[in-house]
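> Predicted model, plus sequence, below.
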Amino acid sequence: MHLGNGIICPVTGVPMLALAGVTAFYAYKKAKKEFTKDKILPAVSLTALVFGLQMINFAIPQTGSSGHIVGAILLAALLGPYTAFLAMCAILLVQAVFFADGGLLALGCNIFNMGFLACFVAYPLLYKPLAERKRMFSGALIASVAALQLGSIAVVAEGALSGSIAGRLGDFTLLMQGIHLPIGIIEGIVTSAFVIASKLADSKKISVTAGSLAFILAGFVSLYASQKPDGLEWSLLNISDSVVMQTQNALYPIVEAVQTKSAILANMAQIPANLLGLFAVGILMFILSFAMTRETVKENAK
């Protein structure tokens with residue numbers, strides 16, 4: 001569901017980037033009130049795990065498309081919505097800057113679609129009430145499906161506002177909703193498995209397991225990921241006669257030039273690039289977590 005620069009114009013992309021920035025600042029302020037030193041390792045390892053999971057595209061039978069787990073509901077369930085949103089920001093930032101996976105101009109939209117809607121809509125309204133009634137499987141499944149469906153609707157709206165979807169909005173909506181439904185179901189099953197397993201282990205075991213899985217996914221399993229177009233690409237290909245790439249605005253060549261220079265991992269061999277990306281995500285989340293811990297200590301000292 002990673003939107004590229006050509007799908008989003010500045011009129012849509014810039015305000016959404018500002019919204020993402022304001023939301024990240026708000027999430028940081030909220031998260032630091034309860035973030036403690038013992039939460040640093042789980043936050044870093046689980047963020048790395050989701051980064052690794054996003055590398056694993058799986059084929060969707062009978063469609064010619066593929067999908068991957070987004071992981072925002074998983075992070076929200078284990079870290080809380082505020083820290084989870086910051087983790088998604090870190091993941092999407094590293095992907096856009098170092099891999100050119102998702103446009104810099106579309107970064108705010110991608111954060112909203114994959115982070116905000118999951119952490120601040122699907123999680124509190126669907127997952128949390130069900131989890132509080134010990135219905136974690138159904139909560140994870142329903143929230144994961146809802147998060148992806150909401151995100152896919154947001155993509156349609158952002159494309160329409162940007163002028164990149166010139167027609168067939170109904171067809172595009174149905175394609176996006178349809179292809180992301182099985183992805184959401186698979187994500188819900190995986191999320192519930194992780195959440196239920198986490199109840200049987202302590203923080204240290206969760207961190208070690210998540211970190212180890214992240215390394216295995218990035219360093220080995222990613223070699224076998226499906227090369228078929230993902231749900232968004234597949235949907236766009238099916239309405240290609242109605243797609244108008246937004247490449248004529250003055251900001252587009254600037255953003256493209258910056259992203260081309262920053263995307264140093266995009267042209268590297270896959271495994272080293274993936275592991276370096278994993279390291280970058282881990283470092284970024286560690287810095288955020290350490291900063292929140294220092295802020296918490298200061299507040300408690302007062």
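It's in.

> How about residue 50, nearest residue that isn't a chain neighbour?
Of all residues not flanking residue 50 in the chain, residue 71 sits nearest, at 3.4 Å (Cβ to Cβ, 6 or more residues apart in numbering). Backbone N, C-alpha and C define where each C-beta goes, glycine included.

> which ones are touching residue 9?
When contacts are counted by Cβ atoms under 8 Å, 6 or more residues apart in numbering, residue 9 touches 105, 162-164, 246, 249.

> Compare these and tell me which is most surrounded.
residue 105 (31 neighbours; other Cβ atoms under 10 Å).

> Just the pLDDT at that residue, thanks.
Looking at residue 105, its pLDDT is 93.

> Can you verify my assumption that it contacts residue 254?
No. Using Cβ atoms under 8 Å, residue 105 is not in contact with residue 254, being 9.4 Å away.

> For the lowest-mean-pLDDT helix or strand in the chain, buried residues please.
The weakest-scoring helix or strand in the chain, judged by mean pLDDT, DSSP states H and E, is helix 270-301 (a mean of 87). For helix 270-301, a neighbour-count test (16 or more other Cβ atoms under 10 Å) marks 273-278, 280-282, 284-286, 288-289, 292-293, 295-296 as buried.

> swap in stretch 67-79?
Neighbour counts over stretch 67-79 (16+ other Cβ under 10 Å) mark 67-79 as buried.

> could you dump those to TSV with distance to residue 19 and pLDDT?
Below are the buried residues of stretch 67-79 laid out as TSV (distance: Cβ to Cβ, whole Å; pLDDT from 0 to 100):
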residue	distance to residue 19	pLDDT
67	26	94
68	25	94
69	25	94
70	19	96
71	21	96
72	16	97
73	21	97
74	23	97
75	20	98
76	19	97
77	24	96
78	25	96
79	22	96
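
> Now do the contacts for residue 44.
207, 211, 282, 285-286, 289 are the contacts of residue 44 under Cβ under 8 Å, 6+ apart.
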